[in-house]
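Participant: My questions are about this predicted structure, shown below with the sequence.
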There are 2 protein chains.
Amino acid sequence: MSLLVVGSLALDTIETPFGRVENVPGGSATYISVAASYFVKPVRLVGVVGSDFPKDAMEFLESREVDLEGLQVVSGGKTFRWGGRYHYDMNTRDTLFTDLNVFEHFDPVIPESYRRTTYVCLGNIDPVLQKRVLEQIEKPRLVVGDTMNFWIKRRNAELKATMRLLDVLIVNDAEVRELTNEPNLIKAAKSIMGMGPRVVIIKKGEHGALLVTGNTIFSAPAYPLENINDPTGAGDAFAGGFIGWIAKTDDLSDDNLKRAVIHGSTLASFCVERFSLERLKDLNYIEILDRFREFRELSKFDEEIAV
Amino acid sequence: MSLLVVGSLALDTIETPFGRVENVPGGSATYISVAASYFVKPVRLVGVVGSDFPKDAMEFLESREVDLEGLQVVSGGKTFRWGGRYHYDMNTRDTLFTDLNVFEHFDPVIPESYRRTTYVCLGNIDPVLQKRVLEQIEKPRLVVGDTMNFWIKRRNAELKATMRLLDVLIVNDAEVRELTNEPNLIKAAKSIMGMGPRVVIIKKGEHGALLVTGNTIFSAPAYPLENINDPTGAGDAFAGGFIGWIAKTDDLSDDNLKRAVIHGSTLASFCVERFSLERLKDLNYIEILDRFREFRELSKFDEEIAV
């Protein structure tokens, strides 16, 4: 199975109570691709960088067998830059700056070799661009899309148009409430299911994730991490782990969607342990399986004794 | 096994987006006793009301086999009254008024027949009174205590003194952070375990609950309710379901604590379906077991296929 990922590639400057890093590799496409690469090969990347995107970051992506044919490198251009500061509780952050740079005029062009791809993951970028990607490829088996509050506010109609083409929407709890004007998360998820996606995944950060399909509701716990260094990319690593597992197993049953949510949670939990891509870099598949099993223990309880 | 419950009995005036009720029975001891009564009999109640506490509420408690020998009825006095308004998202509320009335000079006196009680649940009242209760009884097998932000702020030293006598502390996520000055919930729970309780349960409302013991961390999902009419008493119903199950089974193993957390979550989920005690009134044990099993389905996932 093949997987196509579109999204941003960025150089992030991040401050958390536990440190500060400057111009480190980031962006939704980067995190999604790296997370998914632990499950499926090749991952086909569509995005744009300037000529300042670090060579070793590019080489790292290649070492994860991420196909960079769809990556546009704008000669003399500057890579998209984002700066953010996380607060003490790590659940809220301020955006310090957003320099779109080469991203401002990004027009995703899908290489011929990408046009038949089984699985597609649309990272958090302008919904107009997400739609343009879908228009260039043959109908894939499953399209997963992520978005964020910025697009819900600024590109609402365009986002709704893109949502009609999604099979799975991944959003966080605040976003799904904003998108539906419905405070109850289950009602909100069901309301989304009338807008296109037949599967809704609500990311709740330290509270885990909810999967809602036509037939099932599944509550995934969060991994009880005591040391979170940098939450950046957690949502993208989740999406990458989720779609990576789906692409690996090629099984769209509710039971396998649940396993995919746990694999997403697993990758997200590794992601936040260190800054930028540091932890996702030195991961191995045994660690992933071990943590998957730890997730099982975390929410498992026995049937009560007979009474 | 026997269970002693101390806490408030109140007449509540509650506004939610779905309705308004006036002077309906409430209070921590009321909710805890009724929830626990589905698991264990007798439940021994210690509290105070005025002569205006409704006769039918008293009769209802008796019909649930709640022992009222420890209930002080102040002749001519007025029952504690609380008024609150819930917002659209149901996760936040404003207290509109608190009239302590007979509660202001409440001095819990433990009847001779209560002094040997196996299990004790200290509902959310002044920690000084919680401690006074414990001083009057023979060492019970397990003491569970609840508290709230008001006491964390106003009676911090007294609360810490009471906490040293608890086996299990039940608090919500905001409270455990306030109590420990630690934003990470797992670290916060471990910090509590240095203050007395060997088991910490963190209630997270729509996000479920966390159980932390010396050997295990357990994440319980929230029941995916679409219609919540009145969140009042949910935390107390949780405590009642938890300690009720423990008292019924007399098993303090981690595995049984997990089941108790699910039974607490079950009773809380029923509680919020209707106003005041309405839903807890017409519950039966089969419904409780059915919902317990639904909780299992909600968080269950199969081991992944071999790779």
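Facilitator: Yep, that arrived.
Participant: and the nearest residue to A:N149 once chain neighbours are set aside, what does it touch?
Facilitator: With sequence-adjacent residues excluded and distances taken as Cβ to Cβ, 6 or more residues apart in numbering or on different chains, A:N149 is closest to A:E175, at 5.6 Å. All C-beta atoms are positioned from the backbone trio N, CA, C, and that covers glycine. By Cβ atoms under 8 Å, 6 or more residues apart in numbering or on different chains, A:E175 lies in contact with A:147-149, A:152.
Participant: A:E175 is in what secondary structure piece?
Facilitator: A:E175 belongs to helix A:173-180 when assigned by DSSP states H and E.
Participant: still on that earlier bit, looking at the contacts of A:E175, point me to the pair that's furthest apart.
Facilitator: Farthest pair in the contacts of A:E175 (Cβ to Cβ) is A:T147 and A:N149. Separation: 8.4 Å.
Participant: Who has more neighbours out of these two?
Facilitator: Legend: neighbour count by other Cβ atoms under 10 Å in any protein chain shown for A:T147 and A:N149, higher for A:T147 (25 against 13).
Participant: From chain B, how far out is the more buried one?
Facilitator: 21 Å (Cβ to the nearest Cβ, to the nearest Å).
Participant: Same check on A:L257?
Facilitator: In terms of Cβ to the nearest Cβ, A:L257 sits 10 Å off from chain B.
Participant: same deal with A:H87?
Facilitator: With distances taken as Cβ to the nearest Cβ, A:H87 is found 9 Å from chain B.
Participant: got it, and A:T92?
Facilitator: Distance of A:T92 to chain B, computed by Cβ to the nearest Cβ: 10 Å.
Participant: which element is the most centrally placed residue in chain A on?
Facilitator: Centroid-nearest residue in chain A: A:D236, 2.4 Å away (criterion: Cα atoms, centre = their mean). Using DSSP H and E, A:D236 sits in helix A:234-249.
Participant: Please see if that helix touches chain B.
Facilitator: Yes - against chain B, helix A:234-249 shows contacts by Cβ under 8 Å from any Cβ of the partner chain at A:T249.
Participant: Could you give the separation of stretch A:113-122 from the chain centroid?
Facilitator: 16 Å (Cα atoms, centre = their mean, to the nearest Å).
Participant: Next: stretch A:50-60.
Facilitator: Stretch A:50-60 sits 21 Å away from the centroid of its parent chain (Cα atoms, centre = their mean).
Participant: Equivalent analysis for stretch A:95-104, please.
Facilitator: 19 Å.
Participant: Let me know the average pLDDT across it.
Facilitator: Averaged over stretch A:95-104, pLDDT sits at 95.
Participant: In the stretch 151-300 of chain A, where is pLDDT below threshold?
Facilitator: Counting by pLDDT under 70, the stretch 151-300 of chain A shows no low-confidence range.
Participant: and it, which residues reach chain B?
Facilitator: Residues of the stretch 151-300 of chain A lying near chain B (Cβ under 8 Å from any Cβ): A:177, A:183-187, A:190, A:204, A:206-208, A:210, A:217-222, A:224-226, A:228, A:249, A:255, A:258-259, A:262, A:285, A:289, A:292-293, A:296, A:298-300.
Participant: rerun that using 7 Å as the cut-off
Facilitator: Counting by Cβ under 7 Å from any Cβ of the partner chain, the stretch 151-300 of chain A comes close to chain B at A:183-187, A:204, A:206-208, A:217-219, A:221, A:224, A:226, A:249, A:255, A:258-259, A:262, A:292, A:298-299.
Participant: filter these to the buried ones?
Facilitator: A:183-187, A:204, A:206-208, A:217-219, A:221, A:224, A:249, A:258-259, A:262, A:292, A:298-299 (16 or more other Cβ atoms under 10 Å in any protein chain shown).
Participant: give the contact list for the residue nearest to the centre of chain A.
Facilitator: If a contact means Cβ atoms under 7 Å, 6 or more residues apart in numbering or on different chains, then A:D236 has A:28, A:31-32, A:123 as its contacts.
Participant: Could you do A:L159 as well?
Facilitator: Residues in contact with A:L159 (Cβ under 7 Å, 6+ apart) are A:127, A:147, A:151-152.
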